[in-house]
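[1] Here is my input, please return the structure:
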Amino acid sequence: MAIYAAFFAEVRYHLAIVPLLIPYAAFAVDAAWTGATAAMAARAAMARKSRWKQAPPRRSSSSRVWSRVWSRVWSRVWSDGWPRPGVSAGAAILVLFAGWAALLAVGERLRARHRWAVSVCAYPAPERTHLCLWRRGATAPGQGLAGDSPLRGTWDGVGLHVNPSGSDAGGAPEATAGEQGVLASAHTELALGPGRFRVSAAVSLTGRAAAGPGLAVALRANGRVIGRSLSPKGSAIGVRGDGAGFDANSITVSASPLNGVVELINTDLILEIDVESTGIGSTAEGTAWVSQVLVERF
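    Numbering: from 1, shown residues only. Model prediction:
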């Protein structure tokens, strides 16, 4: 089940499932339409029978005339049932589109809040690869998971998006610095036996944050910092945009190493990646990508 969940987490794989559900959806719509039509016809027949059984009240001549005209129009419009399928179809279509839009909006918010990532990791030897499940972490001890998830996925790593001064499309801030200047955090759990392990990864920055020294990426093992990579100032590689200089959103920084050593006794390895604010200059929007995660015993 976990393999299917990880495999179909990518949006493009939904195309393999949706066409298979179309016949079942059509059968459900047809059954609902047939049942609704039969129920409306039965109610119309019962209304006609009950109307003929009721004794007409004593009214004036003009009042009887208007009552007869109104009852004739009402019976033609509603009791005979001829416009009811059209009204029901219009209401069903309206509810379907409105409900679908509301469902998409709710699903988008849930996906933004609980976004996770799966990447390929190598442990406890370089030739042994596994899938690592990355989840967002709190930016400060005891602090809840507020705002949208900063995680971004790629096949060989995980990205942590930070936007300290802005907000996402939904209007909620994506990252807020914690007590120790942590802007975004992600963690995964690796089942390793006792021993001494070397943890290594490659860090690269993209976006406006790559142009300055405002970010640092820390590597934690079971809560202890075992490595840190500072944003290399001045090594940004820009791609020209409209001919008027460099496009800040496409700036990238070449990968830098992130290494550390951890010794395990009787616990699994909880590997954490924190994107921190260095306090040097301003921290702009960007994404820190951590890839090629390797945990080897030595």
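
[2] from memory Val262 sits against Gly227, does it?
    No - look at Val262 against Gly227 with Cβ atoms under 8 Å: they stay out of range, at 9.8 Å. Every residue, glycine included, has its C-beta placed from N, CA and C.

[3] where do the contact lists of those two overlap?
    Common contact partners of Val262 and Gly227 (Cβ atoms under 8 Å, 6 or more residues apart in numbering): Val199.

[4] For this structure, name the helix or strand with the lowest mean pLDDT.
    strand 236-240 (a mean of 38; mean pLDDT, DSSP states H and E).

[5] quick one, what contacts Val217?
    Val203, Arg228, Ser229, Leu258, Ile273, Asp274, Val275, Glu276, Ala288, Val290.

[6] part of a helix, is it?
    No - Val217 is assigned strand when assessed by DSSP: H, G, I helix; E, B strand; the rest coil, not a helix.

[7] On the pLDDT front, check it for me.
    You'll see Val217 listed with a pLDDT of 90.

[8] Check the one 5 residues further on too.
    Residue-level confidence at Asn222 comes out at 91, pLDDT.

[9] Also Gly147?
    82.

[10] and it, how many neighbours?
    By other Cβ atoms under 10 Å, the residues close to Gly147 number 19.

[11] And the one 4 residues further on, by the same measure?
    Each residue near Leu151 was counted by other Cβ under 10 Å, and the total is 20.

[12] Who are the contact partners of it?
    Taking Cβ under 8 Å, 6+ apart, one finds Arg115, Trp116, Ala117, Trp134, Arg135, Arg136, Val158, Gly159, Leu160, His161, Ala186 in contact with Leu151.

[13] What ranges does the stretch 101-250 of the chain have for its helices?
    Applying DSSP state H, counting those that start in this stretch to the stretch 101-250 of the chain gives no helices.

[14] low pLDDT regions in it?
    140-144, 164-180, 209-214, 231-250 (pLDDT under 70).

[15] Swap in 50 and give it another go.
    166-179, 233-249 (pLDDT under 50).

[16] Tell me which stretches of it form strands.
    117-122, 129-136, 151-154, 157-162, 182-190, 195-207, 215-221, 224-230, 236-240, 246-253 (DSSP state E, counting those that start in this stretch).

[17] Output the fourth one as CSV, restricted to C-alpha atoms.
    This points to strand 157-162. Taking Å, rounded to 0.1, in the frame of the first residue of the first chain, the C-alpha atoms of strand 157-162 are listed here in CSV:
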residue,chain,number,x,y,z
GLY,A,157,16.6,14.6,-3.2
VAL,A,158,14.3,17.0,-1.4
GLY,A,159,13.8,20.8,-1.7
LEU,A,160,12.9,23.2,1.0
HIS,A,161,11.3,26.4,-0.2
VAL,A,162,11.5,29.6,1.9
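
[18] Show me what that strand is packed against.
    strand 117-122, strand 151-154, strand 182-190, strand 269-277, strand 286-297 (3 or more Cβ pairs under 8 Å, 6 or more residues apart in numbering; DSSP states H and E).

[19] and those as JSON lines, adding distance to Arg208?
    Converted to JSON lines, the helices and strands packed on strand 157-162 look like this (distance: least, Cβ to Cβ, whole Å):
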{"stretch": "strand 117-122", "distance to Arg208": "22"}
{"stretch": "strand 151-154", "distance to Arg208": "16"}
{"stretch": "strand 182-190", "distance to Arg208": "14"}
{"stretch": "strand 269-277", "distance to Arg208": "14"}
{"stretch": "strand 286-297", "distance to Arg208": "6"}
